[in-house]
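Enquirer: Test case, fold it:
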Amino acid sequence: MKMTKNEENQLDNIILKVDKLKNYLNSFNINNNDELKNIYNYINEIKNIQGNINNSISYISCLLAKNYLINNFEIENIDVSLKPQSANGLDIDERLNNGERIICEIKTIYPYGENDFGAAQKDSFRKDFKKLNETSAEYKILFVTENKSFEILNKKYLNELKGIKIVLL
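Expert: Presented below is the predicted three-dimensional model:
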């Protein structure tokens with residue numbers, strides 16, 4: 001998949017964080033005999049290196065969604081780096097080459113329960129269902145990254161997803 005320069009830069013930054021974390025983990029040895037403050041400092045530095053890992057996961061899932069869209073629709077000039085991961089609104093809102101609108105939400109949630117989502121997860125999904133259902137577009141897609149989420153959505157939530165395609169990335 002061809003990425004824009006901004007997309008490449010953001011992905012490079014994520015890869016640099018992973019390399020920094022790997023180097024840090026390989027250079028440090030922690031054990032039960034360490035003082036609590038040393039253990040705290042060690043774990044805290046892992047958190048600092050990672051930054052907001054959820055944003056990194058969300059961004060990479062947007063690249064996966066972009067790849068799906070390019071391979072399955074006539075679409076060009078899509079740059080998923082333009083919308084910050086924590087910004088409100090649809091995750092992807094684009095026009096196909098023929099002018100038709102395609103909107104997408106992306107979920108990276110792993111279900112809390114064995115056979116369903118937890119209460120907060122359900123609320124989060126339903127907010128996205130509402131955005132997709134209430135927005136006019138020729139194509140509506142709910143992307144998920146977890147097999148278990150995909151299975152649960154198809155078993156329990158199809159009645160809330162009329163006209164919305166569920167895609168496992």
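
Enquirer: Could you find the closest non-adjacent residue to residue 45?
Expert: Of all residues not flanking residue 45 in the chain, residue 24 sits nearest, at 6.5 Å (CB to CB, 6 or more residues apart in numbering). For the C-beta atoms, the positions are set from N, CA and C on the backbone; glycine is no exception.

Enquirer: whoops, I mixed them up, residue 91
Expert: residue 106 (4.6 Å).

Enquirer: So the one you found: helix, strand or coil?
Expert: In three-state terms, and counting by DSSP: H, G, I helix; E, B strand; the rest coil, residue 106 is strand.

Enquirer: quick one: it and residue 61 touch, right?
Expert: Yes. Residue 106 lies in contact with residue 61 (CB atoms under 8 Å); the separation is 5.0 Å.

Enquirer: what's the overlap in contacts for these two?
Expert: 143, 145, 169 (CB atoms under 8 Å, 6 or more residues apart in numbering).

Enquirer: how many neighbours does the residue nearest to residue 45 have?
Expert: Using other CB atoms under 10 Å, residue 24 has 14 other residues around it.

Enquirer: Who are the packing partners of the longest helix seen in the chain?
Expert: Criterion DSSP state H: the longest helix present in the chain is helix 5-27. Using 3 or more CB pairs under 8 Å, 6 or more residues apart in numbering; DSSP states H and E, the elements in contact with helix 5-27 are helix 36-50, helix 53-72.

Enquirer: Name the next helix or strand following the longest one along the chain.
Expert: Proceeding N to C from helix 53-72, the next assigned helix or strand is strand 92-95, under DSSP states H and E.

Enquirer: Can you report phi and psi for residue 151?
Expert: Here is the backbone geometry of residue 151 (degrees, to the nearest 10): phi -60, psi -50.

Enquirer: before we move on, the earlier item: same list, the helices and strands packed on helix 5-27, but as a markdown table with mean neighbour count and mean pLDDT please.
Expert: A markdown table is the format used below for the helices and strands packed on helix 5-27 (neighbours: other CB atoms under 10 Å; pLDDT from 0 to 100):
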| stretch | mean neighbour count | mean pLDDT |
| --- | --- | --- |
| helix 36-50 | 12 | 85 |
| helix 53-72 | 17 | 94 |
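
Enquirer: Can you lay out those helices as CSV showing distance to residue 2?
Expert: Formatted as CSV, these follow (distance: least, CB to CB, whole Å):
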stretch, distance to residue 2
helix 36-50, 28
helix 53-72, 8
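
Enquirer: Out of these, which is closest to residue 110?
Expert: Judged by CB to CB, the one of the helices and strands packed on helix 5-27 that comes nearest to residue 110 is helix 53-72, at 10.9 Å.
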